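Engineer: kindly return the folded structure for what I paste below:
(chains A and B)
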Amino acid sequence: MAKSRDLCRRIDRSDGFATLTLDLFSGSPNPNPCSYSRSAKRVRVSCASPAASAAEENRSNPFDSLSEEILFLILDRLESDPLDKKSFSLVCRSFYAAESRHRRALTPLRSGLLPAALARYPSVSRLDLSLCPSVTDSALASVGGALRSSLRSIDLSRSRGFSYAGIEIVAVNCAALVEINLSNATDLSDAAAAAIGRVRNLEKLWLARCKMVTDMGIGCIAVGCQKLRLLCLKWCLGISDLGVGLVAVKCKQLRSLDLSFVPITEKCLPAVLQLPHLEDLALVGCLSIDDEGLMSVKQESKSLQVLDMSNCQHVNHAGFSSLLSKTPGLHEISLAYYCKVTHSLASSLQKLYNLQSIKLDGCEVTTSGLKTMANSCRSLGELSLSKCSGVTDEGLSFFVTKHKGLVKLDVTCCRNITDLSLASITSSCTSLTNLSMESCILVSREGFRLIGQRCHLLEELDLTDNDLDDAGLRAISGCRNLSVLKIGICLKISDEGLIHVAKGCPNLQELDLYRSVGITDIGVMAIARGCPLLQIINLSYCTEVTDYSLRSLSKCSNLNTLEIRGCQVSSSGLAAVAAGCRKLTKLDIKKCYFVDDAGMLLLARFSQNLRQVELEPSEVWKQQSQEMHV
Amino acid sequence: MDPKQMPTFEACSSMSSQSRNLNQNQRATEFDARETEQSLPKFSSHLDNSFHQSNQAQQVAMNWDPRAVLNSLDILGQKIHQIQDIVRSTLSNERQLSIQPNEFAAQQQLINTDLTCTIIELISTAGALLPLIKNALASGINSPGQIGGVANSASDLDLVDVLRQNDNLLSDGTKDSEYEELIKGLSDWDDEGMKPISTEDIDVKDNEDGVSGENLPLGSYEVLQLEKEEILAPHTHFCAICGKGFKRDANLRMHMRGHGDEYKSPSALAKPSKEGSSEPVPIKRYSCPFIGCKRNKEHKNFQPLKTILCVKNHYKRSHCDKSYTCRRCNSKKFSVMADLKTHEKHCGSNKWLCSCGTTFSRKDKLFGHIALFQGHTPALSMDEVKSQGMSVQGQSDEVMAKEEDIDYLISGNVIEDTNFSGLKGADDDLGYFSSMNFDSFTFGGIDGLQQPSFDTSESLFSFHK
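Structural biologist: Now for the predicted structure:
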């Protein structure tokens, strides 16, 4: 037993291991129980002789000497990769049993498998049924029967076919349930809501798009689930002020409330703002709220931190200023598709000492407004001016010089900004990690050079549809932390630039080369070699890309999304990817006219995690895609 | 025979029976009078005297003085004694066999006329007296001046007209038919007295809410207080001729048509316009007779009631038993019929239900209730729960539920209609009449007034006989 405790300590101490070798069969009287190496990924259990072990299994299984505690510790470290766990459970019965008891999260592919899966995994606490398009009441009944006390979270957001009865069974049986996601259950009505109301401990509830739930239903939930912390009522068109008001009265623990697109007026806002712990409030697209209504709200909310009032078309700066004066603790404001951002609106931000993030997507921004905002706010970390019209070099430069701590900046489609802005951005905001500047067509090579020179902390960079060339790309490759690089529709870049990226950015996880037609196999092969962590790559319409690229990409074992629409790839390349990239979940092979049945069959055989395939609509392929989904 | 022995007129029914007796007695008298003989001048002096006195009585009645009425009754009694004397004298003359036949006939006619006059006067006195006893609008309050005025003037007019008619009769020679007409009028009044006034709810509907809002300074208006009996009296308008009571003056005017052609003129049928609009009318407000009520003038925060209707509704609502029970829910009770009808319109539509069993007609009221009480939950109706799952079906179920409601209503009417048709079969021979009967009946059926409508048909039936 001392031996196993020692083992536990060792496993505990190690921060993660690549290979754990358990030498249980060596003849030495005091064997070294653990040896670490980083050469391979899988748990390798060395047995003296497989045949002998099979013969001995009935009498004394050497693996029995490993306590469940140790096995659980090992399993804790295998969370990252589902395939590893599968291998683990295949070692022996005790490992299998340990894995069964250890598993907490279950994401079944088909609801038909549910009873068997539940029988195998009795202590599942998170059940994600989002991959099962059809979940019947009987399936939910089996969930309720099998996971009585362990189930804490259930996700039915993409499932249909169940009724209030199924939910009721789960609600009654699983007393420990704290999370339910019923989004998109458009056919569920108040009866289902009443069933949810029986889950007394519920803390998080998503009801997005439950359009038939009315005030009566939400009233049942409000009374029943008084521990709610998060409630999402987005698109619940049947709910009005009364229901929301009752929620606000009854659920005093609410932290996050999403009322987007709910037909509420300002009448329920006093009650909502009175919630003592409310931190996150989304009022996106609440068209019934207007200036006068907001100005009539007198209730303050000290706790509110995040406010999203995008698309509130009837609110102007008067109402908004009034609301902001009641919520001094705001950290984040989102006003996407709002009115004109002028001096008066910007000055209303002055009293928000904690403000860190402003999103003004799609607004009309004036230079004076931007300057006032720069002066009003203390120190912003995040600014989004995506698709804003009226952003000029002058305004943006002034802003960034005032807010040097900016970490995320989005100037997508601000077509008027030039190298001048970039010069001030790069000189002021050296800590920038995210920069999106899609379609900033006036920015030249000099601008990209400055990015590469000064913004060493950049992690995400979006340069889609820019005047980027190989020299610029070479400069950008100086950002060694880059994990997401989007350089689609950059017609001037070629393999040379990509080779620089491959050398300079080893942590790259996502690369978008959509329609960057200068790219050939050489560039892709360089990326595949230089960036082993690559997970997402988009090579659509890079017409020079062939099977060679795919073969090289098959070495990137983490690859989960591959888009090669319109590339000159064939079945052999696809087969290589299918065999190499076992985690592949999304694949776009539309307009890949050389891919035939052979490639698809291999894909069906190897890529067992595949969830989404986009194909040219042909009869044969449709059948096969169905086969794959099975 | 002696009118003094007659009980005072307290109710329509007793009044009618008494007057019928009177008529019968009158005929008997007439029969007796045929054998009597009396000198014409003597009698005519009697007549003149009585006429004068009766006019006086009318004048007194105008002032609403019960003593004057009593006085007039005394005079009437004396007059009847006089007639008795005349008849006795004719009897004694008969024994002497000294009277010629034509003289006998003249005497008989005189007695006849005299008696007719007495009867008419008696009736008109009673007509003036009735509102005093029965109506809430009397007893020293000139508030219902309009109503009282109308009744009064009508009675005055009636008297004169009837007298004039009788003068004509005297000259033409009285025939039995005239008396029959009178008797018929009386019986008509008897029957109509039991007819329910189906439009009463419109009358009662005005509630006192309109009053509470106004803020008249104390003393800027005249405070009137009606007694309990007056408030609770069923009728406010009375026929000056026959004494029959009505709830609305329009009905009275319709009734008056039966008393002669002069009531059929457009001016007599027109709604009496408020005269003297030029002179300032003092503002009148009413006090509730219930001591301690906020609407009572003794209360320190006295809030006056605006109209008599307000007084009636307030008194019934606040200080009377709630005698009207909703037939649908069997729980809600009301003291004012109109309130019951208002309730019945919404009864059963209380679809907002709380888990505690309380129902609400409005969603916001339910949510206010739930917000207030811990542990109370909105309760879904079972139909709603069952129809869950298929949205289209759910909606159609709701529609069906509504239709069922309507069906219920219709079927209720149907049942009452069948009841009625049985009744209608009984008086099938009354072709034109039964249609009217039908109208009043359906009206009652809709309003939930089953019992009165049966009365109606019966009374109509008997009237026709």
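Engineer: and residue 150, what pLDDT?
Structural biologist: In the absence of a named chain, this looks at chain A. Confidence at residue A:150, expressed as pLDDT, is 90.
Engineer: that's the other chain; I wanted chain B
Structural biologist: pLDDT, residue B:150: 42.
Engineer: same deal with residue B:459?
Structural biologist: 34.
Engineer: can you map out the helices along the stretch 301-450 of chain B?
Structural biologist: For the stretch 301-450 of chain B, helices defined by DSSP state H, counting those that start in this stretch occupy the ranges B:308-319, B:337-346, B:363-372, B:382-386, B:391-426, B:431-447, B:450-464.
Engineer: in the stretch 251-400 of chain A, which residue sits closest to chain B?
Structural biologist: Nearest to chain B in the stretch 251-400 of chain A, going by Cβ to the nearest Cβ, is residue A:271, at a distance of 8.8 Å. Backbone N, C-alpha and C define where each C-beta goes, glycine included.
Engineer: setting the sequence-adjacent residues aside, check what's closest to that residue.
Structural biologist: residue A:248 (3.7 Å; Cβ to Cβ, 6 or more residues apart in numbering or on different chains).
Engineer: quick check: the one you found touching residue A:267?
Structural biologist: No - counting by Cβ atoms under 8 Å, residue A:248 does not reach residue A:267; the two are 11.1 Å apart.
Engineer: more neighbours, the two?
Structural biologist: residue A:248 (22 against 18; other Cβ atoms under 10 Å in any protein chain shown).
Engineer: and the more buried one, that's in a strand?
Structural biologist: No - using DSSP: H, G, I helix; E, B strand; the rest coil, the assignment for residue A:248 is helix, not a strand.
Engineer: ok, now which ones touch it?
Structural biologist: Residue A:248 is in contact with A:254, A:268, A:271-272, A:274-275, counting by Cβ atoms under 8 Å, 6 or more residues apart in numbering or on different chains.
Engineer: just the helices in the stretch 101-250 of chain A please.
Structural biologist: Using DSSP H, counting those that start in this stretch, helices in the stretch 101-250 of chain A cover A:114-120, A:137-146, A:164-173, A:190-196, A:215-224, A:241-250.
Engineer: show me which positions of the first one end up buried.
Structural biologist: If I follow you right, that is helix A:114-120. A:114-115, A:117-118, A:120 (16 or more other Cβ atoms under 10 Å in any protein chain shown).
Engineer: nearest to residue A:240 among those?
Structural biologist: Nearest to residue A:240 among the buried residues of helix A:114-120 is residue A:114, at 36.7 Å by Cβ to Cβ.
Engineer: next one: the closest one from residue A:139, what distance?
Structural biologist: Distance of residue A:114 to residue A:139, given as Cβ to Cβ, to the nearest Å: 5 Å.
Engineer: what is in contact with these two at once?
Structural biologist: residue A:132.
Engineer: quickly find the element holding residue B:295.
Structural biologist: According to DSSP states H and E, residue B:295 maps onto no helix or strand at all.
Engineer: list phi and psi for residue A:307.
Structural biologist: Here is the backbone geometry of residue A:307 (degrees, to the nearest 10): phi -130, psi 130.
Engineer: list the contacts of residue A:480.
Structural biologist: A:456, A:504-507.
Engineer: closest one of those to residue A:413?
Structural biologist: Nearest member of those to residue A:413, counting by Cβ to Cβ, is residue A:505, at 25.2 Å.
Engineer: which ones are touching that closest one?
Structural biologist: A:477, A:479-483, A:485, A:530-531.
Engineer: repeat the analysis, applying 10 Å as the threshold.
Structural biologist: Residues near residue A:505 by Cβ atoms under 10 Å, 6 or more residues apart in numbering or on different chains: A:458, A:461, A:476-483, A:485, A:511, A:527, A:530-531.
Engineer: returning to that earlier point: need the max-distance pair from the contacts of residue A:480.
Structural biologist: A:456 and A:506 (14.5 Å).
Engineer: can the helices of the stretch 101-250 of chain A go into CSV with extra columns for distance to residue B:232 and mean pLDDT?
Structural biologist: Below are the helices of the stretch 101-250 of chain A laid out as CSV (distance: least, Cβ to Cβ, whole Å; pLDDT from 0 to 100):
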stretch, distance to residue B:232, mean pLDDT
helix A:114-120, 74, 90
helix A:137-146, 63, 91
helix A:164-173, 55, 92
helix A:190-196, 49, 92
helix A:215-224, 45, 93
helix A:241-250, 43, 94
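Engineer: hang on, residue B:252 is in a helix, isn't it?
Structural biologist: Yes - the assignment for residue B:252, made by three-state DSSP, places it in a helix.
Engineer: quick one: it from chain A, how far?
Structural biologist: 51 Å (Cβ to the nearest Cβ, to the nearest Å).
Engineer: just give me the neighbour total for that residue.
Structural biologist: 22.
Engineer: ok, the one 10 residues further on next?
Structural biologist: Residue B:262 is flanked by 13 other residues according to other Cβ under 10 Å.
Engineer: is it true that it touches residue B:256?
Structural biologist: Yes - under the criterion of Cβ atoms under 10 Å, residue B:262 makes contact with residue B:256 at 9.1 Å.
Engineer: need the pLDDT of residue B:451.
Structural biologist: 37.
Engineer: on that earlier part again, just give me the least confident of the contacts of residue A:480.
Structural biologist: residue A:456 (90).
Engineer: and residue A:275, how far is that from residue A:303?
Structural biologist: When residue A:275 is compared with residue A:303 (using Cβ to Cβ), they lie 8 Å apart.
Engineer: find residues that contact each of those two.
Structural biologist: With Cβ under 10 Å, 6+ apart as the test, residue A:275 and residue A:303 both reach residue A:255.
Engineer: looking at the two, which one has more neighbours?
Structural biologist: Remark: of residue A:275 and residue A:303, residue A:275 carries more neighbours, 22 against 15, as counted by other Cβ under 10 Å.
Engineer: could you say which helix or strand holds the more buried one?
Structural biologist: Going by DSSP H and E, residue A:275 is not in any helix or strand.
Engineer: next, count neighbours for the nearest residue to it once chain neighbours are set aside.
Structural biologist: Excluding the flanking residues, the one nearest residue A:275 by Cβ to Cβ, 6+ apart is residue A:254, at 5.2 Å. The tally of other residues near residue A:254 (other Cβ under 10 Å) stands at 25.
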